[in-house]
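Novice: model this:
(2 chains)
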Amino acid sequence: MYAIEVDNLTKIYGKGETAVTALQDATFKVKPGELVAILGPSGSGKTTLLTCIGLINEPTYGRVVIDGTIVADGGWHSSIDLKRMRREKLGFIFQAHNLIPFLTAQENVMVALEINGLTRNDAKRRSIELLNALNLGHRINNFPSALSGGESQRVAIARALANRPRVILADEPTAALDTENGKNVMDLLKKLAVENNSAIMVVTHDHRMVENFDRILEVSDGRIVGEQSIVDIN
Amino acid sequence: MNLAIRDIRYHRGRFILTSVGLGLLLGVVISMGGIYRGLIADALAILNANKADIWVVQQGTNGPFAESSRIPEESRYRIATVPGVAAVSALAFQTIQIERMGKPFRFFLIGYAPGSFGGPPSIIAGRGISQKHYEMVVARSMSIGLGEKLRLGQNEYSVVGISDNIVSSGGDPAAYVTLADAQEIQFKKSNHAIRNERAKITANVAGNNSLSQQQAELLTQNIIASTESTHTVNSVMVRLAPGADLKETQERIQQWNYLRAISDEEQTAILAKGMIEKARMQLGLFRVILLIISGVIISLIIYTSTLDKIRVIATLKLIGAQNRVIIGMILQQSLLMGILAYGIGYVVILLTYEKFPRRIVLETFDLQSLFVIVMAICMISSFVGIRKALKVEPAEALGG
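Specialist: Residues are numbered from 1 along each chain as shown, chains lettered A, B, ... in the order given. Next comes the predicted model:
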């Protein structure tokens, strides 16, 4: 079973003469444990693709299946609970890490777990486990303002992984980081994809990072114009 | 995890400062309720201290507190003979303003017949009045020491006792002298006026040639005695005998056409509803305005705080947070702000209310009601923020 199946996914903003097609007929599949990059220039439609898969943006046409569940089929599937699906199946990583400023590193991870129904003690245990695994054990009580860019992004990764999601969606996760920290984050994502058997899709326009991915989807003017595996690139 | 508490912990300086400001505003609202209750307590203080069943005053007046009332002192002897009357006591009141230590000094002077009721309710220092003249008992709040002398009218009065605080309906502290002294202070004319009046009466009578010299002298003496008499009182208090019928006794007293017999209940209504009605409405209006202002301020604070958290809310929505998590965060913050502000306002008033120039009476019911109102305002005020938060799209979490 694929972690993500996208078939003829189309997203049109607006109606009539002002309608803009941001994404057209995107079709691809991602296996569990696969690390896929969505590469393309600004305005090409890569974030729209990510938000449609992330159940944030309702597709206009086409079908999206996450971990075997049809979530969209010409609009949201009628029986789908989007919030629940996002809580249980998806993990998000952002360019600006989006940590909650008034929560400590540990609480930022715990909040995702408690929202998903874990008890306080279980959430505490799991968050410490995750932060230790990401070498942040010494920073659990620090607020985001006291963390470096790389540390903040690792906390965001810990939060995205908290509920053991089947799919992790990352929007420019290395854009705000220097080359070394960016590479560390990508190495970490690659490791986690394998360890957790999660499909990871990363939107990026950073060509320096391409070697880290198993596959690259190239997007231009709302269409997937190319698909390469890392073997092809090498 | 309580997100509201976590946010407050992180922004505690801002939260506390805002709550202090709001607390002071609520303190004013609490104090206004206290002032209103104080007005009622002051208005009824003398009434409650005397425990009279009937107040006999001049007919056609709402005396002796709401309106001026003057009746002959000898009325008390007639009233005492009415069936059902157990005891009577005549009172003379007057608000006096003198200069003391270079400042205006205002108080309410009550004249009563020692040995009868109507005197100071309790003496906390010194003694009660035992001489016929020139002794006085003052309220503690007048800050006059035992043995000090005050000049009132043409005589000096020695302070022989300090009573518990008792005030007039206007809030002025009360002092007690004998009825005779109070009558002299209130009704006795100055020597100059007496001399003028005597000369005028003598001349008028002398101009009447139909009277013999003996008749003229007798008439002059009678007129002078009548005009110079101080045997007038403002009210006669009546206590009924056990089992006596109030209505019946009132009617019997009112058979004297120049008297009106007001029951204690009627007197309470005159004072509470009549005299302080406007003050009550004024204070009530101020309280409503201040509560509306508090509501607007809370709304603005919560709304601004929600705007500050748009990204946080979007992120929470993106990671699948239910609406109740977001609503709870905003609502709890609003309620916690209300609770803290109310607490601050309450403590501020509790620590300062005795220093207010007018009496503040804090009643549990008023405080509880205000607390409930403040909580309701906080809930309603947070709706603006909640509405904004619920409209936030998870997509707003994306981007740089």
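Novice: Now the element after the longest helix seen in chain B, going C-ward?
Specialist: With secondary structure taken from DSSP state H, chain B has its longest helix at helix B:12-50. On the C-terminal side of helix B:12-50, the closest following helix or strand by DSSP states H and E is strand B:54-58.
Novice: Name the residues that touch that following strand?
Specialist: Outside of strand B:54-58, the residues within contact range by C-beta atoms under 8 Å, 6 or more residues apart in numbering or on different chains are B:63-64, B:68-71, B:75, B:79, B:234-238, B:240, B:246, B:249-250, B:253, B:258-264, B:267. For every residue, glycine as well, the C-beta is placed using N, CA and C.
Novice: Pull out the buried positions in it.
Specialist: For strand B:54-58, the buried set under the neighbour-count rule, 16 or more other C-beta atoms under 10 Å in any protein chain shown, comprises B:Ile54, B:Trp55, B:Val56, B:Val57, B:Gln58.
Novice: With stretch B:88-95 instead?
Specialist: B:Val88, B:Ser89, B:Ala90, B:Leu91, B:Ala92, B:Phe93, B:Gln94.
Novice: For the last one, give me its contacts.
Specialist: Taking C-beta under 8 Å, 6+ apart as the definition of contact, the neighbours of B:Gln94 are B:Phe108, B:Leu109, B:Ala182, B:Ile185, B:Gln186.
Novice: Please give the centre-to-centre distance between stretch B:3-11 and its chain.
Specialist: What separates the centre of stretch B:3-11 from the centre of its chain is 44 Å, taken as C-alpha atoms, centre = their mean, to the nearest Å.
Novice: so what pLDDT did the closest residue to chain B within chain A get?
Specialist: Residue nearest to chain B within chain A: A:Arg87 (2.9 Å; C-beta to the nearest C-beta). If you check A:Arg87, the pLDDT there is 88.
Novice: quick one, what contacts it?
Specialist: Residues in contact with A:Arg87 (C-beta under 8 Å, 6+ apart) are A:Ala112, A:Ile115, A:Asn116, A:Asn163, B:Ile319, B:Gly320.
Novice: show me where the chain has strands.
Specialist: Because you didn't say which chain, this covers chain A. Under the criterion DSSP state E, chain A contains strands at A:4-13, A:20-30, A:35-39, A:61-66, A:69-73, A:90-93, A:167-171, A:199-204, A:215-220, A:223-229.
Novice: my bad, the chain I had in mind was chain B
Specialist: For chain B, the strands defined by DSSP E cover B:54-58, B:71-72, B:85-100, B:103-112, B:123-126, B:135-139, B:149-152, B:155-163, B:174-178, B:232-233, B:235-240, B:259-263.
Novice: Listing partners with orientation, what would you give for the second one?
Specialist: On the basis of DSSP bridges, the sheet neighbours of strand B:71-72 come out as strand B:232-233 (antiparallel).
Novice: which intervals of chain A have sub-threshold pLDDT?
Specialist: Within chain A, the segments meeting pLDDT under 70 span A:230-234.
Novice: Write out the residues of it neighbouring chain B.
Specialist: Residues of chain A lying near chain B by C-beta under 8 Å from any C-beta of the partner chain: A:47, A:51, A:54, A:56-57, A:83-88, A:90, A:92, A:94-96, A:98, A:100-103, A:107, A:110-112, A:114-116, A:120, A:123, A:143, A:159, A:171-172, A:175-176.
Novice: let's see 6 Å
Specialist: With C-beta under 6 Å from any C-beta of the partner chain as the criterion, chain A comes near chain B at residues A:51, A:56, A:83, A:86-87, A:92, A:95-96, A:98, A:100, A:102-103, A:110-112, A:114-115, A:171.
Novice: related to what we said a few turns ago, which of the contacts of A:Arg87 are buried?
Specialist: Listed as buried from those are A:Ala112, A:Ile115, A:Asn116, A:Asn163, B:Ile319, B:Gly320; burial here means 16+ other C-beta under 10 Å.
Novice: From the residues you listed, pick the one nearest A:Val203.
Specialist: B:Ile319 (17.7 Å; C-beta to C-beta).
Novice: and of the strands of chain B, who's closest to B:Met375?
Specialist: Across these, B:Met375 has its closest neighbour in strand B:135-139 (39.5 Å, C-beta to C-beta).
Novice: Neighbouring strands - and their directions - for the closest one?
Specialist: Partners of strand B:135-139 in the sheet, by DSSP bridges, are strand B:155-163 (parallel), strand B:174-178 (antiparallel).
Novice: Can you tell me the closest non-neighbouring residue to residue 1?
Specialist: All of this refers to chain A. Distances taken as C-beta to C-beta, 6 or more residues apart in numbering or on different chains put A:Gly68 closest to A:Met1, at 5.2 Å, once the chain neighbours are dropped.
Novice: meant chain B actually
Specialist: A:Glu114 (5.2 Å).
Novice: Tell me how many other residues crowd B:Gly161.
Specialist: 21 (other C-beta atoms under 10 Å in any protein chain shown).
Novice: My guess is B:Tyr176 contacts B:Gly118. True?
Specialist: No: contact criterion C-beta atoms under 6 Å: B:Tyr176 and B:Gly118 do not qualify, at 8.8 Å.
Novice: Touching both of those two, which residues are there?
Specialist: Common contact partners of B:Tyr176 and B:Gly118 (C-beta atoms under 6 Å, 6 or more residues apart in numbering or on different chains): none.
Novice: returning to what we had before: name the nearest of the buried residues of strand B:54-58 relative to chain A.
Specialist: Closest to chain A out of the buried residues of strand B:54-58 is B:Trp55 (65.1 Å), distances taken as C-beta to the nearest C-beta.
Novice: Tell me the bridge partners for the closest one.
Specialist: Beta-bridge pairing for B:Trp55 (DSSP bridges): B:Met237, B:Ile262.
Novice: just to revisit the earlier point, just the buried subset of the residues of chain A next to chain B, please.
Specialist: Burial by neighbour count, judged by 16+ other C-beta under 10 Å, picks out A:51, A:56, A:83, A:86-87, A:92, A:95-96, A:98, A:100, A:102-103, A:110-112, A:114-115, A:171 from the residues of chain A next to chain B.
Novice: and the gap between the residue nearest the centre of chain A and B:Ser334?
Specialist: In chain A, the centroid-proximal residue (C-alpha atoms, centre = their mean) is A:Leu169; its distance is 0.9 Å. A:Leu169 is 34 Å from B:Ser334, where distance means C-beta to C-beta, to the nearest Å.
Novice: repeat for B:Met275
Specialist: Applying C-beta to C-beta to B:Met275 and B:Ser334 gives a distance of 40 Å.
Novice: Next: B:Gly320.
Specialist: Distance of B:Gly320 to B:Ser334, given as C-beta to C-beta: 24 Å.
Novice: Now do the buried residues in stretch B:259-270.
Specialist: The neighbour-count check on stretch B:259-270 (16+ other C-beta under 10 Å) flags B:Leu259, B:Arg260, B:Ala261, B:Ile262, B:Ser263, B:Asp264, B:Gln267, B:Thr268, B:Ile270 as buried.
Novice: Residue numbers of the stretch 1-150 of chain B in contact with chain A?
Specialist: So the stretch 1-150 of chain B meets chain A at B:Met1, B:Arg6, B:Asp7, B:Tyr10 (C-beta under 6 Å from any C-beta).
Novice: Not counting sequence-adjacent ones, nearest residue to the second one?
Specialist: When you say that, I think you mean B:Arg6. Using C-beta to C-beta, 6+ apart and skipping the chain neighbours, the partner closest in space to B:Arg6 is A:Phe102 (5.2 Å).
Novice: ok now do A:Lys11, which residues does it touch?
Specialist: A:Ala22, A:Leu23, A:Thr48, A:Cys52, A:Pro59, A:Thr60.
Novice: if we go to 10 Å?
Specialist: For A:Lys11, the contact set (C-beta atoms under 10 Å, 6 or more residues apart in numbering or on different chains) comprises A:20-24, A:26, A:45, A:48-49, A:51-52, A:57-62, A:222.
Novice: which of these are buried?
Specialist: Buried among the contacts of A:Lys11 (16+ other C-beta under 10 Å): A:21-24, A:26, A:45, A:48-49, A:51-52, A:57, A:59-62, A:222.
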